[in-house]
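Peer 1: kindly return the folded structure for what I paste below:
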Amino acid sequence: MKHRTAGLGMFPCGRCGHRSNLGPSQQPGGLYLGAVRSAGTDVNRIHDWYCKSERWKRLMVDRVLPDVLEGVDLEGRVLEIGPGPGLVTAALLEYGVSDLTTVEIDPEAAERLRSRYGSRVAVHTGSAAALPLPDGSVDVVVCCTMLHHVPTASEQDGILSECRRVLAPGGVLVGSDSKTSLRLRVFHLWDTHNPVDPASLEARLAGAGFDRVLVTEFDKRFLFRAAAPA
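Peer 2: Numbering: from 1, shown residues only. Down below sits the predicted model:
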């Protein structure tokens, strides 16, 4: 485990990893994996299935998310970017978040979230690179396992800058993502897959205007946290 910090304290040691027992040409029922549209990008059928599965929910919600949210005050205004099928959205509600907004680029996924949660969640259809929210309008931004689906580094940096813009002074961005590997690249065949190098993320977050930046690396995953200047 590696820690890079600029003053936010250390993440607890998590048990993080993105695992799948499926081979690169298999999926439930033995069908050819092909490609589908999900969250505004091309994803193969294994990936689409896995991100909606109980297995991914157990990993993301039960093991990764507690570390992402460790010590974070969720009583204020919370924004989740790139919720996809809404597993983290549901968990945030279970954590007691009462003022929750999501921004999802895929219209069909956004509509499913609206149908599922109604007035409990304010769901916007749009890009996290152009958040439809005013400056300083949220206290926490949650970004879980979505940055590697953004096609270019410049678009990723645009998302980080937008997160900084909408955060109130002292607000925090927290999140997680997968580290690249041969297995993960095979898992993402026919996907939009642009992994973030955790070694460069501290500088990229600082460049977006954040301070007190922390990036914590594990074997297959990394966590990150950064604050808007107070």
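
Peer 1: averaged pLDDT, the lengthiest helix in the chain. What do you get?
Peer 2: Longest helix in the chain, counting residues (DSSP state H): helix 153-166. Averaging pLDDT along helix 153-166 yields 98.

Peer 1: check which helices and strands it sits against.
Peer 2: Packing partners of helix 153-166 (3 or more CB pairs under 8 Å, 6 or more residues apart in numbering; DSSP states H and E): strand 77-81, strand 138-144, strand 167-178, helix 198-207. (C-beta placed from N, C-alpha, C; glycine too.)

Peer 1: can you check what angle separates that helix from strand 167-178?
Peer 2: 140 degrees (axes from the mean of the first three to the mean of the last three CA atoms, to 10 degrees).

Peer 1: what are the buried residues along helix 153-166?
Peer 2: 156-166 (16 or more other CB atoms under 10 Å).

Peer 1: other residues contacting stretch 92-100?
Peer 2: 69, 74-80, 89, 117, 120-122, 142 (CB atoms under 8 Å, 6 or more residues apart in numbering).

Peer 1: what is the nearest of the buried residues of helix 153-166 to Ala128?
Peer 2: Comparing these against Ala128 with CB to CB picks out Ile159 as the nearest, at 4.6 Å.

Peer 1: wait, that closest one sits on Val141?
Peer 2: No. Counting by CB atoms under 8 Å, Ile159 sits too far from Val141 to count as a contact (9.8 Å).
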